[in-house]
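Asks: give the three-dimensional model of this entry:
(2 chains)
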2 protein chains.
Amino acid sequence: MADALEQLKERLAEITDLGKVGRLLSWDQQTMMPLAGTGHRADQMATVYRLAHERFTAPAVGRLLEELRPLEESLDPDSDDAALIGVVRRDYEKAVNVPSSLRAAMTRAAAEARPVWVKAKAESDFASFLPSLERIVELKLEYVDCVADGAAERYDVLLDDYEPQTTTAEVRTLFEELKPPLVELIAELRQRDVDDSFLHADFPPERQRGLAHEVIDLFGHRPDSWRIDPTEHPFASGPGRDDIRITTNYHPDSLESLFSTMHEYGHGLYNHQLPQHLERLPTGQSCSLGIHESQSRLWENLVGRSLPFWRFFYPRLQVTYPEVFARVDLERFHAGIRTAKPGLIRIQADEVTYGMHVMLRFELEQDIVEGRVALRDLPQRWNEKMWDYLGVEVPDDGHGVLQDVHWSGGSIGYFSTYLIGTVASVQIWEAACRDVPDLEDQVGRGEFAPLREWLGEHVHALGRKFSPQETLRRATGSSLAAQPYLDYLRSTYA
Amino acid sequence: MADALEQLKERLAEITDLGKVGRLLSWDQQTMMPLAGTGHRADQMATVYRLAHERFTAPAVGRLLEELRPLEESLDPDSDDAALIGVVRRDYEKAVNVPSSLRAAMTRAAAEARPVWVKAKAESDFASFLPSLERIVELKLEYVDCVADGAAERYDVLLDDYEPQTTTAEVRTLFEELKPPLVELIAELRQRDVDDSFLHADFPPERQRGLAHEVIDLFGHRPDSWRIDPTEHPFASGPGRDDIRITTNYHPDSLESLFSTMHEYGHGLYNHQLPQHLERLPTGQSCSLGIHESQSRLWENLVGRSLPFWRFFYPRLQVTYPEVFARVDLERFHAGIRTAKPGLIRIQADEVTYGMHVMLRFELEQDIVEGRVALRDLPQRWNEKMWDYLGVEVPDDGHGVLQDVHWSGGSIGYFSTYLIGTVASVQIWEAACRDVPDLEDQVGRGEFAPLREWLGEHVHALGRKFSPQETLRRATGSSLAAQPYLDYLRSTYA
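Replies: Sure thing, here's the model as predicted:
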């Protein structure tokens, strides 16, 4: 039995390596690769993911899992090995229904669609992206057909890829609880007129770059394990816990990259503090995209928009951009970065309106999967919902339906994890504040080691051993709940 | 039979993809990866190369090759398919004797040794690198044991990995023909006193970078397919013909990076002009390292050190560094870059002394493989030979036995291809001059398209369909020969 477990771990190490290689290929495509390399990259990604899929769904893995059933049942369910066998069994039962050729076709379609999307977005030309999207959705629906057996809703299959063991119905319930108070709060705040004009000034990219490095130095990172690069759509990635790659976009007329760097730092720190002894096993990876997002939102919002943080850091910002901030005092600045104003772009949205952007996508994706909307009609449906939820008019598809990279990358079912994570970030922050009583004071002194360590111990070290809900429960003592998030928004914004 | 061929090609496409992924992993390690990522990278490389090796040496490949024997015999030997089956059969018969675990161990040892070597070189501390080198050599000898059957000399096995179908005896004969005239020419030139002090001035890296881009623009490249990055040891790589990555090192006190960029351009152009329709097959890759080096040396030396080129380009250099070159006329400059002076470092060596550096390594490697030298004695043997061949005294191992990256990367058997390629570059250049009568005038006008096209048609388009010797014969009408190279050196230097 020990031998079967070793064999399984050896194979999983290889598959985990391939996944990391795939992450590097994708990072490279988005930051370094000359554009003409797209065709090769599509081949390479398809090959790597097909091989990983083939190795994972080989009958040998099924046999090993069968053989390990008695061991699994005899072990403490919290033990590394019991968790591993459980996680792998679940993954295997899903993956084994998907042909390798379909897995490769999905990867290839995504790699090919990315540059098409980049161009279509830049030119605000949805029609030119439509054939790529049609191909991606066609393959995705084929995928759903393969694994939908037993799912209550077809969309469950896709959601589960990003937020395991979480159903569409659960998310719908959460979102329905959030929607009315959010709509109310947005309406209330819409009346206010806060001056945040200083956030739209001239911020030379070279100084933004310096500031981005300064803030991750302050939050804490090992320079021999991290890098930051510019890219179109910021993301965090990296082929291992000691090889963390975060990206940002230094827009010359906004401070966005500062907050996006804090955001990606949160993702990076999670990856960096995953359990070392499980590095090459599925249980040593991140738990879910929701838990991942809870980490990025915590650093971006709960830390990075807090008054204690800015008491400490605002002088640095003033020194960096004296021509903008010399005559803006801390209170005005802080009110500025806590302004809620409906806008077009999700990744620029404030904390209050953010949720509506996510709900819009969550609903549209379900419509796509259930065949309730034709893809060519997406721009119109998008624009209608933007008007209904946020009262904004979409001027063109580049600022509307084409704004996000996700669909071009084949990621359908992903968006709701942003809001799940945002909601969870408040619960996790409150738990950290309970355990580390002077946490806010520490933030005000620029001390982040205790927070990093608390997150490391209570969230990151769990890896993927447990479901997202169970991970949240262990970290906070509670299940995912709308109220703390709503209370936080109301207390900080209203 | 057609089906067997399709099956073989499909599997080869996958293996070729994995090889390209491996190249990207290595490029990334040398240019982008945070240092602490070394451990992950070793795992990832080992997994990718082990999988490629396993897929290639699977019994199914052997069966397909058997099945295809009658087809191969019925085809025109020059046809793509006949060449493919022949090349693959040869590779297969070698690879099938090597266990996957050994292949993975070799890859891992190399990935792990690289940072050890970087540090040891910087600190000139051979002892700290010795254990890594011992591990690499131990595995290499194990590898030789697996495949030496039928080889006249054990070193043949290693040479064949880089210069297929070329024996140690053939190289020895060539080198023995080169050695006495080279020694004589070096002695003769040693008497001369040419002023090249202006080549060791202050060259700000940012301007070097501009010049490097200018020269590859001039030689001709598609910016959407190429990139240049700084690295410690310059190299050319890239995961596909439309994704070319060359690197250089902008030393602030030398023009070395300009010539190294021309050199790597030659490698890059070869990769870029490999046959597109064979892109994912072994026959669509480069022929050998010797042929590869013939391309880099041709651009670096036959073009890049020629008087016609500098007639065109020297004004640009003068404009870039007026404080250095304003008062140096073209003739003095050109004599300066054609100075032959024994030195310590191979990659800084002039065209005349270069060969001796290679012969030294070729001889030492044979001593290692035949067990005629203990690895701990390598520095001493190195230093003795440097004195014997070039009359220079090695001050420390950083400038001696530790100077090259190759052994740390597991590349033993590689060095002689540098001299083979250098010799071939003269033959190829002369053939191009025969076919394109005003080639030197074109170079003098900064026109490189006809040369690129000639190389594309006569060398690059052949890919790996034929042996290096056969490729050279088809391109030039002659076999590899010492005399044209010796004549060229004498006529340009003496």
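
Asks: and the pLDDT for residue A:193?
Replies: What the model reports as pLDDT for residue A:193 is 85.

Asks: that one: how many residues sit nearby?
Replies: Neighbours of residue A:193 under the rule other Cβ atoms under 10 Å in any protein chain shown: 7. From N, CA and C alone the C-beta is placed, and that goes for glycine too.

Asks: just checking, it is part of a strand?
Replies: No - with DSSP: H, G, I helix; E, B strand; the rest coil as the criterion, residue A:193 is located in coil rather than a strand.

Asks: how close does it sit to residue A:287?
Replies: 42 Å (Cβ to Cβ, to the nearest Å).

Asks: try residue A:184
Replies: 32 Å.

Asks: more neighbours, these two?
Replies: residue A:287 (26 against 12).

Asks: which residues of chain A lie near chain B?
Replies: For chain A, the contact set with chain B under Cβ under 8 Å from any Cβ of the partner chain comprises A:13-14, A:17-18, A:20-21, A:24-25, A:28, A:32-37, A:39-41, A:43-44, A:47-48, A:50-51, A:222-227, A:239-244, A:279-280.

Asks: mind redoing it with 6 Å?
Replies: For chain A, the contact set with chain B under Cβ under 6 Å from any Cβ of the partner chain comprises A:14, A:17, A:20-21, A:34-37, A:40, A:43-44, A:47, A:224-225, A:227, A:239-240, A:242-243.

Asks: among those, which ones are in strands?
Replies: Using DSSP state E, the members of the residues of chain A next to chain B that fall within strands are A:227, A:239-240, A:243.

Asks: and the helices in the stretch 51-200 of chain A?
Replies: A:59-67, A:69-74, A:80-95, A:100-123, A:126-147, A:154-162, A:168-190 (DSSP state H, counting those that start in this stretch).

Asks: got any ranges where the stretch 201-350 of chain A has weak pLDDT?
Replies: Scanning the stretch 201-350 of chain A for pLDDT under 70 picks out no residues.

Asks: please, where are all the strands along it?
Replies: A:226-230, A:236-240, A:243-248 (DSSP state E, counting those that start in this stretch).

Asks: same question for the stretch 351-494 of chain A.
Replies: Counting by DSSP E, counting those that start in this stretch, the stretch 351-494 of chain A contains no strands.

Asks: which residues are in contact with the most centrally placed residue in chain A?
Replies: Geometric centre of chain A, nearest residue: residue A:293, 4.7 Å, by Cα atoms, centre = their mean. Taking Cβ atoms under 6 Å, 6 or more residues apart in numbering or on different chains, we find residue A:293 in contact with A:417-418, A:421.

Asks: how about 8 Å then?
Replies: A:417-418, A:420-422, A:424-425 (Cβ atoms under 8 Å, 6 or more residues apart in numbering or on different chains).

Asks: please apply the same query to residue A:287.
Replies: With Cβ under 8 Å, 6+ apart, residue A:287 has these contacts: A:462-464, A:466-468, A:471.

Asks: want to try a markdown table for those residues, with pLDDT and neighbour count as columns?
Replies: Listed next are the contacts of residue A:287 as a markdown table, based on pLDDT from 0 to 100; neighbours: other Cβ atoms under 10 Å in any protein chain shown:
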| residue | pLDDT | neighbour count |
| --- | --- | --- |
| A:462 | 98 | 22 |
| A:463 | 98 | 25 |
| A:464 | 98 | 24 |
| A:466 | 98 | 22 |
| A:467 | 98 | 19 |
| A:468 | 98 | 26 |
| A:471 | 98 | 24 |
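
Asks: helices - which of the residues you listed land there?
Replies: A:468, A:471 (DSSP state H).

Asks: let me see the contact set for residue A:259.
Replies: Residue A:259 touches A:300, A:304-305, A:337, counting by Cβ under 8 Å, 6+ apart.
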